[in-house]
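Undergrad: Here is my input, please return the structure:
(chains A, B, C and D)
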Number of protein chains: 4
Amino acid sequence: MKRIAVFTSGGDSPGMNAAIRAVVRTATYHGIEVYGIMRGYSGMIKGEFVRLDSASVSNTVQKGGTILKSARSLKFMTKEGRQQAFDQLVNHGIEGLVAIGGNGTFTGAMIFEEEFGIPTVGAPGTIDNDLYGTDYTIGYDTAVNTALDCIDKIRDTADSHDRCFFVEVMGRDSGYIAIPCAIGGGAEIVMIPETQMSTDVVVETLQAGWKRSKTSFIVIVAEGDEEGNATQVAARVKDAIPQLDTRVTVIGHIQRGGSPTAADRLLGSQIGIAAVEGLMNGMRNVMAGIIDKKLVYTPFIDTINKKKLINQSFMRMVEILSV
Amino acid sequence: MKRIAVFTSGGDSPGMNAAIRAVVRTATYHGIEVYGIMRGYSGMIKGEFVRLDSASVSNTVQKGGTILKSARSLKFMTKEGRQQAFDQLVNHGIEGLVAIGGNGTFTGAMIFEEEFGIPTVGAPGTIDNDLYGTDYTIGYDTAVNTALDCIDKIRDTADSHDRCFFVEVMGRDSGYIAIPCAIGGGAEIVMIPETQMSTDVVVETLQAGWKRSKTSFIVIVAEGDEEGNATQVAARVKDAIPQLDTRVTVIGHIQRGGSPTAADRLLGSQIGIAAVEGLMNGMRNVMAGIIDKKLVYTPFIDTINKKKLINQSFMRMVEILSV
Amino acid sequence: MKRIAVFTSGGDSPGMNAAIRAVVRTATYHGIEVYGIMRGYSGMIKGEFVRLDSASVSNTVQKGGTILKSARSLKFMTKEGRQQAFDQLVNHGIEGLVAIGGNGTFTGAMIFEEEFGIPTVGAPGTIDNDLYGTDYTIGYDTAVNTALDCIDKIRDTADSHDRCFFVEVMGRDSGYIAIPCAIGGGAEIVMIPETQMSTDVVVETLQAGWKRSKTSFIVIVAEGDEEGNATQVAARVKDAIPQLDTRVTVIGHIQRGGSPTAADRLLGSQIGIAAVEGLMNGMRNVMAGIIDKKLVYTPFIDTINKKKLINQSFMRMVEILSV
Amino acid sequence: MKRIAVFTSGGDSPGMNAAIRAVVRTATYHGIEVYGIMRGYSGMIKGEFVRLDSASVSNTVQKGGTILKSARSLKFMTKEGRQQAFDQLVNHGIEGLVAIGGNGTFTGAMIFEEEFGIPTVGAPGTIDNDLYGTDYTIGYDTAVNTALDCIDKIRDTADSHDRCFFVEVMGRDSGYIAIPCAIGGGAEIVMIPETQMSTDVVVETLQAGWKRSKTSFIVIVAEGDEEGNATQVAARVKDAIPQLDTRVTVIGHIQRGGSPTAADRLLGSQIGIAAVEGLMNGMRNVMAGIIDKKLVYTPFIDTINKKKLINQSFMRMVEILSV
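TA: Numbers count the residues shown, from 1 in each chain, chains lettered A, B, ... in the order given. This is a model prediction of the structure:
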């Protein structure tokens, strides 16, 4: 393998640059040339290729976002688009790809490989941590710490005013971000898609807390919760307990950015190295991940079809710790 | 003067604890006893008084929120409520008050003084910086830095995805928070209540930027802007430029909390000392502030009736810097 | 078991308060009374016991340091001291202990148990991560992130001035803190006790970098490195390369404090719960830890005698990533 | 004026990039071309000139350090060196300079102007805030907040272990950084070059605190204090009070880096604009500064010869607040 390319696709996440840097330097270390493809599959089709060397990625490990940018590409969902992408890769002499992203990215890579035979190794880049095949995704630890930092600030105001804050955090269909925010943020309640907690239970828990003379409360609502978003839940709780002074904060896109934590820089680096060395060893259609401190390559088909289950003991922890 | 009390009222702001600490230690230094009144006028009426000494405020200077808590009191708006508050002060032997808050707080203190003769010196505690009689209010610098930190994170995502973010910051009827966020956050546009900027101008500016090949944008919207909130402005801009990938982030209550910056700890400390020494010198119905590095006492009537104008040159700065 | 006590001992670390809080609330949840012992074994001997309930630990999860304080106790190393400690425990009706600390703490607990039969379950509280029986110790993740944040700032100056910084991080006899600081901080070289890297190799690596036109460098030196501390290494390198503009920064105690990260709050909470439930299940002389996401109790004798080996692949990562 | 150049010189400081960005965009706004000179006078002599346009400074406002780098130039101290620098400026068609730095930088510019007639307007870029002609220098607010953040972390450990920390902060011959660190960090004592405080007084103050049952202490030592550095002071105090558990932390270069605060971004932006518009208005040999919210141009001769006095009331504040 003489020349590979790397790109980021889907939502950006902190640590993607650490992964890109590791890909570039590992390839360089092994005497392989590297190109960066701008804006994911969209740039692949348009031929937005940039030669990257060791110096290109200096001083990027600490940066949020992705220096290769990201974009959605409807065109890559068509055979014609993929043909153009393939032609671009051939023209640039690219023999393998490192795709940093999530399941949408990997699905595209898998179809592409089937049609054109270009091998791809994936890196799990998403703040949501909802990918099977790795304990943590690149960006998750940073997103949790950012959200928690916001919750710490909100608690100052919640305490000062004896209020009940409903804080909405990201995580798509999973509670991975919500859970450590609840435990680490000293929240009284956490609502996640993986469990069925009705608004009635929320109301009862808050009322029980009040009786134990708690005066301020934090309820973490995962964006994908089946009871609705934080604004909707807060409205229903306010109906049930009109004297409760409620406020809603949606942390939103703040969670996606910022300088990556140590853990995300390390993880991004480990996986970037593993992706390149995986390609060198003939792998394709697999995602590099770390499970129980060990490097694991999981077939895309499994990362896409299998669900990573949340540790149920965490729900019990929230209950115990909010006693 | 042998015994005074201090309380916080209105929205909490970072640095209030630095001010409380300074009040307590200055009084102690001068041999005056201090009580803290919990929950502002509400606690004054209910008699929630706590004896504070030097050790009570140890390790509080770095804390957000207010250790004395804050609350609204409808009852203090009645003569009967104020009579009860006065009785409580008499019972506790309180001869003067330090009120940390904003114009609502000072209006109450002024009426109270007229009726019952209890002297109050005010300290400007609000993140909004909209108080006449001081260059900066306690909490403003922290709120700006917190909002800016959020904007830095948002820019990572805006850049990575070539998006246009509309970021709503606090500030009530003023653009004091919005302006440094725009200048320091590298925003292309800032919308504040003090100026009339129509959505049409926003649309034109974004289109002009696009022509100069800018691909990502940040528009700061002050919550009090006459064109509406960030969500409303974003929707209208999206109608005008459908191909623009827009997102909205409302920073919200995150801005109110957190450990105060150096400037807010210093300001809170200076004003806390000045408030106590003002009381000792027979002052009443004035707010302590710092203008051009000098300590200034401004009559409540002026802080309430006069408007602190925003420096118009800042608007020109945003225009120049987004060239 | 009706009443237990918790204490912190040895160097403080961020997340200890999360562990204390979890101990208190878990005991409360199970109907067990809890006392906090101030200043470790020293306070145990002197009888500095404080009754803790759920509210006692409100708003502590985000705090650095330890609310129970820590101290060394020479007296506990004597039989007489331990007798006094035991008498105090008996007087307070304490039937079991949770000890948050490191190997010194656990050694004391083990001897104490042998002599007086009081069961102790340990929690690994140290920033150094050098304890066998857990993937991570409570405080480690925070210390690494704090050090990394310092290194990010130092890199700004290193780059601006084309300098070579030698940055000393903590870690006692291990390189656990140094390694992620080097990988995440984009350092060119890392010197840790677990490997033999002579100053000559450092000099060669820097000179090789210079030839590749690198102009600024960061060398991470673990405090326990066999080549000496950062100041000593820097002096020797400066002798060998006089034209190198060298600077030394010792991060020092800054690494020990600060609000814990999400990971440390979660880990402290998990282990705090596990420690209490371990005691309830009759355990003694074991430390609760998390290995590969699973709760593990390891005999004190093993945490003391066995060495947790650093992942050798990390050294290779530093080499590849500084290409 | 058709073409100007900007450079940074002396120690780097956070906010320099905001100033560079403002220079570039203001010139562009007014139709003037801008070059960046790398590495200060050194790069001027060697001809390291880079054309800068609006896009060159995108996404730099939040960055620490200086994108133009900084270096010392012994050669510029010679007539021959300055002749070469002048020739380079002539070759590049540069008609005016913006120099971001301190008094060393301005002295060079003044001599250079006398000999060759090239006008320079200066911008105060240093963390030390020891420049006459501006309330604050660019980088000062960030340095203070960084140091304070370190002190907050140190206090966690000081409290947990009942220790006395001696913390050395920067500031060259002034106490500008030390003072707000002491007030905002809740320090018991501050030692600055502007006042004579003997170690005896430090000892007495600590002993008096002990009698009031304070158990932990923080002493801030400005690096330029006449009693020596923190290590020396701590050793002498330890001699006098052997039972005091003392520790020393030298914050060092960490203070120089990092993303600038809102205040430094705003100040850098204001001064960058003012520097260019000053040049356009025919100014030379002056430094742009902000005094009492107003833009002021001060002759270099005054910034060099006059001393900005520290507000003496701050010393009184430290005394009162550590009661």
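
Undergrad: got the end-to-end distance for stretch A:235-250?
TA: Stretch A:235-250 has an end-to-end distance of 14 Å (Cα to Cα, to the nearest Å).

Undergrad: Which pLDDT value belongs to A:Gly125?
TA: pLDDT for A:Gly125: 98.

Undergrad: ok, what's across the strand from it?
TA: Per DSSP bridges, the residues bridged to A:Gly125 are A:Ile138.

Undergrad: I'd assumed A:Tyr136 was in contact with it.
TA: No - counting by Cβ atoms under 8 Å, A:Gly125 stays clear of A:Tyr136, with 11.3 Å between them. For every residue, glycine as well, the C-beta is placed using N, CA and C.

Undergrad: Neighbour count for those two, which is higher?
TA: It is A:Gly125, of A:Gly125 and A:Tyr136, that has more neighbours when counted by other Cβ atoms under 10 Å in any protein chain shown, with 31 against 19.

Undergrad: Using neighbour counts, pick out the buried residues of stretch A:280-296.
TA: By 16 or more other Cβ atoms under 10 Å in any protein chain shown, the buried positions in stretch A:280-296 come out as A:280, A:283-290, A:295.

Undergrad: tell me the mean pLDDT for that stretch?
TA: 98.

Undergrad: can you give me how far it is from the chain middle?
TA: Remark: stretch A:280-296 is offset 18 Å from the chain centroid, using Cα atoms, centre = their mean, to the nearest Å.

Undergrad: right, is it up against chain C?
TA: Yes - with Cβ under 8 Å from any Cβ of the partner chain as the criterion, chain C is reached by stretch A:280-296 at A:292-293.

Undergrad: now do the same end-to-end measure for that stretch.
TA: By Cα to Cα, the extent of stretch A:280-296 from end to end equals 16 Å.

Undergrad: Give me the residues contacting it.
TA: The contact list for stretch A:280-296 (Cβ atoms under 8 Å, 6 or more residues apart in numbering or on different chains) reads A:1, A:30, A:32, A:96, A:106, A:109-110, A:113, A:119-124, A:131, A:133-136, A:267, A:270-271, A:274-275, A:278, A:297-301, A:303, C:135, C:292-293, C:311.

Undergrad: Among the buried residues of stretch A:280-296, which lie within helices?
TA: Among the buried residues of stretch A:280-296, the ones falling in helices (DSSP state H) are A:Met280.

Undergrad: Show me which of the buried residues of stretch A:280-296 is closest to A:Val90.
TA: Checking the buried residues of stretch A:280-296 against A:Val90 with Cβ to Cβ, the nearest one is A:Arg284 at 16.9 Å.

Undergrad: So which of the contacts of stretch A:280-296 belong to strands?
TA: The strands, defined by DSSP state E, take in A:96, A:120-124, A:297-299 from the contacts of stretch A:280-296.

Undergrad: The longest helix seen in chain A near chain B at all?
TA: Secondary structure of chain A per DSSP H: the longest helix is helix A:140-161. Yes - applying Cβ under 8 Å from any Cβ, one finds helix A:140-161 touching chain B at A:146, A:150, A:152-157, A:159-161.

Undergrad: just the CA coordinates of that helix, formatted as PDB?
TA: Provided in PDB are the C-alpha atoms of helix A:140-161 (Å, rounded to 0.1, in the frame of the first residue of the first chain):
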ATOM      1  CA  TYR A 140     -17.700  11.300  23.800                       C
ATOM      2  CA  ASP A 141     -15.600  12.100  26.900                       C
ATOM      3  CA  THR A 142     -15.200  15.700  25.800                       C
ATOM      4  CA  ALA A 143     -19.000  16.100  25.200                       C
ATOM      5  CA  VAL A 144     -19.800  14.700  28.600                       C
ATOM      6  CA  ASN A 145     -17.300  17.000  30.300                       C
ATOM      7  CA  THR A 146     -18.600  20.000  28.400                       C
ATOM      8  CA  ALA A 147     -22.200  19.200  29.400                       C
ATOM      9  CA  LEU A 148     -21.100  18.600  33.000                       C
ATOM     10  CA  ASP A 149     -19.400  21.900  33.100                       C
ATOM     11  CA  CYS A 150     -22.600  23.600  32.000                       C
ATOM     12  CA  ILE A 151     -24.600  21.700  34.600                       C
ATOM     13  CA  ASP A 152     -22.200  22.800  37.300                       C
ATOM     14  CA  LYS A 153     -22.900  26.400  36.300                       C
ATOM     15  CA  ILE A 154     -26.600  25.800  36.200                       C
ATOM     16  CA  ARG A 155     -26.500  24.300  39.700                       C
ATOM     17  CA  ASP A 156     -25.100  27.500  41.000                       C
ATOM     18  CA  THR A 157     -28.300  29.300  39.800                       C
ATOM     19  CA  ALA A 158     -30.600  26.400  40.700                       C
ATOM     20  CA  ASP A 159     -29.300  26.500  44.300                       C
ATOM     21  CA  SER A 160     -29.300  30.200  44.600                       C
ATOM     22  CA  HIS A 161     -32.900  30.500  43.500                       C
END
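
Undergrad: right, quick check: whichever helix or strand comes after it against chain B, any contact?
TA: Following helix A:140-161 in sequence order, the next helix or strand is strand A:164-169 (DSSP states H and E). Yes - against chain B, strand A:164-169 shows contacts by Cβ under 8 Å from any Cβ at A:Phe165.
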